[in-house]
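> got a sequence here, can you model it:
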Amino acid sequence: MSHYFKLDARTITRILQKTLRCICETFRYLIRWPSDEEAELLKQKFGSFVHGPFQSVICVADGTEIRVARPANNERQRWVYSNKKKQHSLNVMVLCLLNGVLIFVSKPRIGAHDQSHWNELGLRDKFIGKSYGILGDG
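Numbering: from 1, shown residues only. Next up, the predicted model:
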């Protein structure tokens, strides 16, 4: 993009960050958690194409790293550097239904470990005692 628009890569990053914030703010009311009744209907709907032990799964979760420009401050550089991806980034946890509809997007977070992010968000509690479940990696 920087070559196409003849802009510095950091400028492109700033523009994308502002645009992403604006999109998230605009559509935040469209991203919502399904009610228990809706989740039961989804389980029945998805059960026809999900087999075996995964028949009760209605959504998937994954953490993803969003690359950011390297901060000028050395201390901040260390905070946002990901050894996993070898880049400066923030982590976002995303949950979507099996049909691709988003039901949860976390705020960007420093640190890229998905499991610790999952625990901090307390998302496990939303599935305890329910007849439906979630699928995630690792």
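> state the mean pLDDT of the biggest helix by length in the chain.
In the chain, assigned by DSSP state H, the helix with the most residues is helix 9-27. Mean pLDDT, helix 9-27: 77.
> would you mark the buried spots in that helix?
By neighbour count on 16 or more other C-beta atoms under 10 Å, the buried set for helix 9-27 is 12-13. (C-beta placed from N, C-alpha, C; glycine too.)
> and the helix or strand that that helix is followed by, what's buried?
Toward the C-terminus, helix 9-27 is succeeded by helix 36-47 as the next helix or strand (DSSP states H and E). For helix 36-47, a neighbour-count test (16+ other C-beta under 10 Å) marks 39, 42-43, 46 as buried.
> partner strands of the helix or strand that contains residue 65, with direction?
Following DSSP H and E, one finds residue 65 within strand 57-67. Here strand 57-67 is paired, per DSSP bridges, with strand 87-97 (antiparallel), strand 133-136 (parallel).
> weakest of these by average pLDDT?
Mean pLDDT per stretch puts strand 87-97 lowest among the strands paired with strand 57-67, at a mean of 79.
> tell me the angle that strand makes with helix 9-27.
With axes from the mean of the first three to the mean of the last three C-alpha atoms, to 10 degrees applied, the angle from strand 87-97 to helix 9-27 works out at 20 degrees.
> chain center to strand 87-97, what's the gap?
In terms of C-alpha atoms, centre = their mean, to the nearest Å, the centre of strand 87-97 is found 4 Å from the chain centre.
> and the next helix or strand after it, which strands flank it?
Once the chain leaves strand 87-97, the next helix or strand it forms, by DSSP H and E, is strand 102-105. Strand pairing for strand 102-105, using DSSP bridges, gives strand 87-97 (antiparallel).
> need the buried residues of helix 36-47 in CSV with distance to residue 16 and pLDDT, can you?
Shown next, in CSV, are those (distance: C-beta to C-beta, whole Å; pLDDT from 0 to 100):
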residue, distance to residue 16, pLDDT
39, 33, 93
42, 32, 93
43, 36, 91
46, 33, 90
